[in-house]
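**Student:** predicted model and sequence below, questions to follow.
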There are 2 protein chains.
Amino acid sequence: MRIILIYDVTEGKCEKIRKECNKYLNWIQNSVFEGTITNAKLLELTNSLKKKINLETDSIIIFKINNESWINKEIIGNEKNEISTFI
Amino acid sequence: MRIILIYDVTEGKCEKIRKECNKYLNWIQNSVFEGTITNAKLLELTNSLKKKINLETDSIIIFKINNESWINKEIIGNEKNEISTFI
């Protein structure tokens, strides 16, 4: 399954969330991760994220697309994930 | 076509980009918009955005999914787009 994960959390938690997402997905921009993941691994990730955020104020959106070929990506401007290695 | 648009632009440009995207799509989180759009309207939007950003430093990623039913959305925590009317 291909997923796009976008987080919007209070500043102190960004680093924790980024590190956790980075174990499973690729960082592509600002607070956005993308990747291919199994259902089991996604469940593992979401369970872990739920423990790290404040469910009333923080927000994580996960888009799931079952088939890789169903999604197209267009980038306008600079492709920022070249610097993902800094994480 | 269903699209997810994510922008990462220098601070002074955020407002301009947000306003432009808001004409075509729904704001869902931080710097993320989502919506259903025709090819013609998407071209109109991307052409307009290209004129507003610095193509070397700013970045806009657009994910395109042809069929609405191919995508699922899961929200963990707070669904922030309730406040989209403030824009």
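**Tutor:** All right, it came through fine.

**Student:** shaky segments in chain A?
**Tutor:** Scanning chain A for pLDDT under 70 picks out A:81-87.

**Student:** please enumerate the helices of it.
**Tutor:** Assigned by DSSP state H, chain A shows helices spanning A:14-22, A:39-52.

**Student:** return the most buried member of these.
**Tutor:** Stretch with highest mean neighbour count among those: helix A:14-22 (a mean of 15; mean count of other CB atoms under 10 Å in any protein chain shown). Where you see a C-beta, it was placed from the backbone N, CA and C, and this is true even at glycine.

**Student:** which bits of chain A sit near chain B?
**Tutor:** Within chain A, the residues that sit near chain B (CB under 8 Å from any CB of the partner chain) are A:4, A:6, A:8, A:28-32, A:46, A:49-50, A:53-67, A:70-80.

**Student:** can you get me a residue count around A:Ile75?
**Tutor:** 14 (other CB atoms under 10 Å in any protein chain shown).

**Student:** then stretch A:39-50 to PDB, C-alphas only?
**Tutor:** Extracted in PDB, the C-alpha atoms of stretch A:39-50 (Å, rounded to 0.1, in the frame of the first residue of the first chain):
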ATOM      1  CA  ASN A  39      -1.000  -3.000   6.700                       C
ATOM      2  CA  ALA A  40       0.800  -4.500   9.600                       C
ATOM      3  CA  LYS A  41       3.600  -2.000   9.600                       C
ATOM      4  CA  LEU A  42       1.200   0.900   9.100                       C
ATOM      5  CA  LEU A  43      -0.700  -0.300  12.200                       C
ATOM      6  CA  GLU A  44       2.600  -0.500  14.100                       C
ATOM      7  CA  LEU A  45       3.400   3.100  13.000                       C
ATOM      8  CA  THR A  46      -0.100   4.600  13.800                       C
ATOM      9  CA  ASN A  47      -0.200   2.900  17.200                       C
ATOM     10  CA  SER A  48       3.200   4.400  18.000                       C
ATOM     11  CA  LEU A  49       2.200   7.900  16.800                       C
ATOM     12  CA  LYS A  50      -1.000   7.800  18.800                       C
END
